[in-house]
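> Sharing a model that was predicted from the sequence below.
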Amino acid sequence: MTASTAPVRPVAPPSRVRRVAALAAGENRLFLRNRTALVNSVVVPLLLVAAVPALGLSSDVPLGPQLILTGVGVTLVFLTYYNLVTTYVARREELVLQRMRTGELTGPEVLLGTAAPTLLVTLGQIALVAVGVVAIGEWSAPVDPVLPLIAVLGGAALMTVLAAVSTVFTRTAESAQITTLPLVLPTTALSGLITPLSSFPDALATVARFLPVTPVVELLQLGLGGVTWDGRLVDGGAAWTAALLPLAVLAGWLTLGTLAAIRWFRWAPRR
Amino acid sequence: MQPTAPPAPTPAVVAPAIEVRHLRRSYGDFEAVRGISFEVHPGEVFALLGVNGAGKTSALEVLEGLAPACGGSVRVLGADPVRDRARVRPRLGVLLQFSGLPGDLTVAETVRTWAGTLTDPRPVDEALAQVQLTGRADVRVRSLSGGERRRLDLALALLGRPDVVVLDEPTTGLDPESRRQVWRLVHDLVAGGAAVVLTTHHLEEAEELADRVAVLRAGQIVLAGTQEEIAETQPATIRFTLDQDAPEPPRPAGVQVVAERPRMEWHTRALQPVLAELLAWAAEHRVVLRALDARAASLEQAFLAVAAGAETP
């Protein structure tokens, strides 16, 4: 008796990229039809960034890099992370995620395709802030362009993974307003995004450097302005040396988050 | 017939499309599926019947690769549906009992999106025509009726031209006409060589579609076989009306008298000889057996007898 009962059709399966792109196209269409999500995603983060100069917060870096740094941080936390928690939870509770798993898409492909509009808006927002900084004449060349790139891409990946993990203890899209607070408020407040780590007591700053948002801020600060977490100015080579710890912390959170998502992420509501 | 033995397959000229061996699945301490076994061959419909909570969906989720087995093994087209996912999925179509679709995409957009993720999808127009949704192609999913949504779900399940199809209560919520459309679709699938596993609460659906049936109770198969084999596990019924002045009828061996005259009802596991004896007696005594009705047990009778635990086969 042979193992297979029907001839396999000689058709090549779609690549991972094609599968994710197909799902992302549908998700982008859905996003554009949801006016509330559209306004919240595009307008709110920009308003928050615009408020930074008005608030007159202290900073170790000049205004231009500071605006970009704030734009990236605010966008990653308030747009990428929060939007993805609510999206994943809503899709799970509407039984859409489970439906998608019955096809050829793998779990990570479903999560990535679903996240596509949010990730695209994230990148768009950051580009918009950068253009704004150029427009107001505050642009200065980055000390090292690779570090901010790692910060943006690594930060977006980390927020996606942490959003997936956060759905484990988020039963409804509405309850995300509560369950996302631990990352949105204390972790962001201690990340150096609002107040520089150099102004913290040493012990608190040391702990804060190991929180998930902090390495993203540190890498941006180093790459854009050549400023270390404790306010020292460094050049390109020294920036990479100073970046070793935040890179390790970012990689550590990504690994932990991925393992937690694999272990605990639920595709269907609890029975 | 043994309660948990694999149902006898149709003449095995080809390997089974689905092989389930001693499958177990638990939720914590609760064992939802307790060692069930069955096979489904290409071109065959196999129905899993059972009351709510019998373990049907829990078993199907393992077949679908959505959950791992806690014990035993499952092979779909010779492969493990969880570990060999990439090999199984392009050839497996799944209709979940409950599932959702984004409400703000149109019907055509939904099918197009899903098609983009599949190896060998049908054309969108063909998929919509298959479930009579061509005229609703530009309607958003949230505006569809429950029956239309179910048909769209079915279109997605069949979009990849699957060789194995798992249908979990496919006609729940459908009107009679839509239900018959789904039945025709399943007949077409089987005629094309697909192996189909379905669960249903509608016994007439199982009678219409299934080549073989298994009845699940508390996670175990308590009855399995063809519809005829299952029906034979229950006694046949003979009913007739006998006037008060007619002579006393015979009492053939093995007959259980359920109701006395004038409207008599007998139960027997030997329908033909008992009926022959009754008719011979009536001819000999020139008795008219008014409203005579003799029939074998139905699938429904067998199901009702075993599904809720009323009788162990």
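Right, received. Where do you want to start? Numbering: from 1, shown residues only, chains lettered A, B, ... in the order given.
> Point out where the chain drops to low pLDDT.
All of this is about chain A. Applying pLDDT under 70 to chain A flags the ranges A:1-10, A:52-58, A:271.
> try again with chain B
Looking at chain B by pLDDT under 70, you get B:1-13, B:308-313.
> all helices for it, in order.
With helices called from DSSP state H, chain B shows them at B:56-63, B:85-88, B:107-115, B:124-130, B:146-158, B:176-191, B:203-209, B:227-231, B:271-284, B:299-307.
> Could you point out which of those sits nearest chain A?
helix B:107-115 (3.5 Å; C-beta to the nearest C-beta). In short, each C-beta sits where N, CA and C put it, glycine included.
> quick one: the closest one near chain A?
Yes. Using C-beta under 8 Å from any C-beta of the partner chain, helix B:107-115 reaches chain A at B:109-110, B:112-115.
> which residue is nearest the centroid of the chain?
In the absence of a named chain, chain A is used. In chain A, the centroid-proximal residue (C-alpha atoms, centre = their mean) is residue A:156; its distance is 2.9 Å.
> try chain B instead
For chain B, residue B:47 is the residue whose C-alpha lies nearest the centre (C-alpha atoms, centre = their mean; 2.7 Å).
> Please report how far the residue nearest to it when sequence neighbours are not counted lies from residue A:149.
Counting by C-beta to C-beta, 6 or more residues apart in numbering or on different chains, residue B:47 lies nearest to residue B:210, which is 3.7 Å off, once chain neighbours are set aside. Going from residue B:210 to residue A:149 by C-beta to C-beta, to the nearest Å gives 59 Å.
> With respect to residue A:123, which of the residues of helix B:107-115 next to chain A is nearest?
Distance to residue A:123, by C-beta to C-beta, is smallest for residue B:113 among those, at 22.2 Å.
> Got phi/psi on residue B:78?
Per-residue torsions, residue B:78: phi 80, psi 0 (degrees, to the nearest 10).
> Touching, it and residue B:14? I think so.
No. Judged on C-beta atoms under 8 Å, residue B:78 makes no contact with residue B:14 at a distance of 11.5 Å.
> Which residue ranges of the stretch 151-271 of chain A form helices?
A:176-179, A:181-182, A:188-189, A:202-208, A:214-225, A:236-264 (DSSP state H, counting those that start in this stretch).
> Pick the most deeply packed of these.
With neighbours taken as mean count of other C-beta atoms under 10 Å in any protein chain shown, the helices of the stretch 151-271 of chain A reach their highest mean count in helix A:214-225, at a mean of 28.
> And the residue of the stretch 101-250 of chain B closest to chain A?
residue B:116 (2.5 Å).
> For residue B:131, see how far away that residue is.
Residue B:116 sits 19 Å away from residue B:131 when distances are taken as C-beta to C-beta.
> Comparing these two, which shows the higher neighbour count?
residue B:131 (24 against 20; other C-beta atoms under 10 Å in any protein chain shown).
> Now do the contacts for the residue of the stretch 101-250 of chain B closest to chain A.
Going by C-beta atoms under 8 Å, 6 or more residues apart in numbering or on different chains, residue B:116 touches A:14, A:18-19, A:21-23, A:25.
> In JSON lines, list these along with distance to residue A:132.
Conversion of the contacts of residue B:116 to JSON lines gives the following (distance: C-beta to C-beta, whole Å):
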{"residue": "A:14", "distance to residue A:132": "39"}
{"residue": "A:18", "distance to residue A:132": "35"}
{"residue": "A:19", "distance to residue A:132": "36"}
{"residue": "A:21", "distance to residue A:132": "30"}
{"residue": "A:22", "distance to residue A:132": "34"}
{"residue": "A:23", "distance to residue A:132": "32"}
{"residue": "A:25", "distance to residue A:132": "29"}
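> Closest one of the residues you listed to chain B?
Taking these together and measuring to chain B by C-beta to the nearest C-beta, the closest member is residue A:22, at 2.5 Å.
> What is the burial count for residue B:254?
13.
> That one and residue B:269 touch, don't they?
Yes. The criterion here is C-beta under 8 Å, and residue B:254 meets it with residue B:269 at 6.3 Å.
> which residues does residue 179 contact?
Because you didn't say which chain, this covers chain A. A:85, A:166, A:169-170.
> my bad, chain B
Shown in contact with residue B:179 (C-beta under 8 Å, 6+ apart): B:171, B:202, B:205.
> Which one (most neighbours) among these?
residue B:171 leads the contacts of residue B:179 on contacts (other C-beta under 10 Å) with 25 neighbours.
> The chain: strands as residue ranges?
Just going to use chain A. Under the criterion DSSP state E, chain A carries no strands.
> my bad, chain B
Using DSSP E, strands in chain B cover B:18-27, B:30-40, B:45-49, B:71-76, B:92-95, B:164-168, B:195-199, B:212-217, B:220-226, B:236-241, B:256-259, B:263-268, B:290-295.
> In helices, which of the contacts of residue B:116 fall?
Reading helices off the contacts of residue B:116 with DSSP H, I get A:18-19, A:21-23, A:25.
> I'd like to know which of those are buried.
Buried residues within those, counting neighbours by 16 or more other C-beta atoms under 10 Å in any protein chain shown: A:19, A:22-23, A:25.
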